[in-house]
Structures are given as structure tokens and as C-alpha cells.
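# What follows is a predicted structure for the sequence shown.
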Amino acid sequence: MERLKSFSSARGGLQQRLPRVTALRMAGSRYGRSTLAAKRNEFRLGVGVAYGPTVTGAVGFSLKKQFTAIGDTVNVAARLQSETRKQQVDLLVSDTVKSHLMADFFEVGESFEFDLKGKSSKVIAHEIRPRG
């Protein structure tokens with residue numbers, strides 16, 4: 001199973017980024033059906049989205065710099081992404097992300113409670129699907 005890297009989202013970017021994620025999911029699904037069907041392989045995208053503070057910036061030295069994001073929010077997003085495979089869903093968002101979504105554009109599917117590594121309490125996540 002192929003998976004897209006997890007990411008966290010800044011307050012202003014939730015409404016702009018999630019339509020892109022759902023578009024990627026649909027494109028991946030079309031690609032999987034058309035290209036890999038003959039080989040009997042499955043191609044799926046799994047995306048985990050969390051909201052909260054992160055530390056971002058370039059690390060490295062002048063010849064090799066990479067952009068990175070670190071923090072609890074990034075870890076939660078990565079763990080939610082891992083759960084997409086186990087739960088057989090394409091997009092899981094944290095409870096906080098769900099509270100920022102516009103209901104006109106997204107449909108909430110199944111809700112889950114996870115014991116995620118590094119978290120002392122359960123994390124509530126929701127499957128999100130595009131409307132229409």
C-alpha cells in the first residue's frame with residue numbers, strides 16, 4: 001500500500017488543504033484502478049491530519065538543507081496516517097481538525113478512539129469524505 005506523508009495544518013490552511021487531499025485520494029484511486037488492476041496490486045493513499053502547534057524550519061547546512069516540522073501535532077498526524085491502513089480508510093482527521101471543517105464540503109464517516117504511542121489519553125479521530 002502506498003501512502004502519502006502525513007502533515008499538520010495551520011489554522012488558515014485547513015479549508016484550502018483538505019480539498020487537495022481528497023483530490024489526491026480520488027486521483028490515486030483512479031490510478032490504482034486503471035494502472036495496477038492488471039497486475040492485481042492495490043494502490044491506496046492514507047492521510048492523517050492533525051491541528052496544533054509545530055516547530056518548522058530548515059535544518060542542515062549550506063550544501064544540504066531540508067525543510068522539517070516537529071512536535072506533538074506532527075507525531076499525531078503520522079500515527080493517524082498509520083491507522084488509515086488498519087481501519088481501511090483514506091483520510092483520518094483529529095477531533096480538532098473536524099471542528100474547523102465546513103460541513104458543506106465534507107462528510108464525516110466513522111469515528112474512532114485510538115491509543116496512540118506517545119499520548120497518555122485516547123485520541124479521537126474521524127474519517128472524512130468529500131461531499132458529492
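Sure, I can see it. Since this is a predicted model, take the numbers as computed values, not measurements.

# Just confirm Arg85 contacts Val47, I think it does.
No - between Arg85 and Val47 there is no contact under Cβ atoms under 8 Å: 11.2 Å. (C-beta placed from N, C-alpha, C; glycine too.)

# ok, these two, which is more surrounded?
Val47 (25 against 12; other Cβ atoms under 10 Å).

# what about stretch 45-55, start to end distance?
Taking Cα to Cα, to the nearest Å, stretch 45-55 runs 26 Å from one end to the other.

# May I see the buried residues of it?
Leu45, Gly46, Val47, Gly48, Val49, Ala50, Tyr51, Gly52, Thr54 (16 or more other Cβ atoms under 10 Å).

# likewise stretch 113-129?
So for stretch 113-129, counting by 16+ other Cβ under 10 Å, buried means Phe114, Leu116, Val123, Ala125, His126, Glu127, Ile128.
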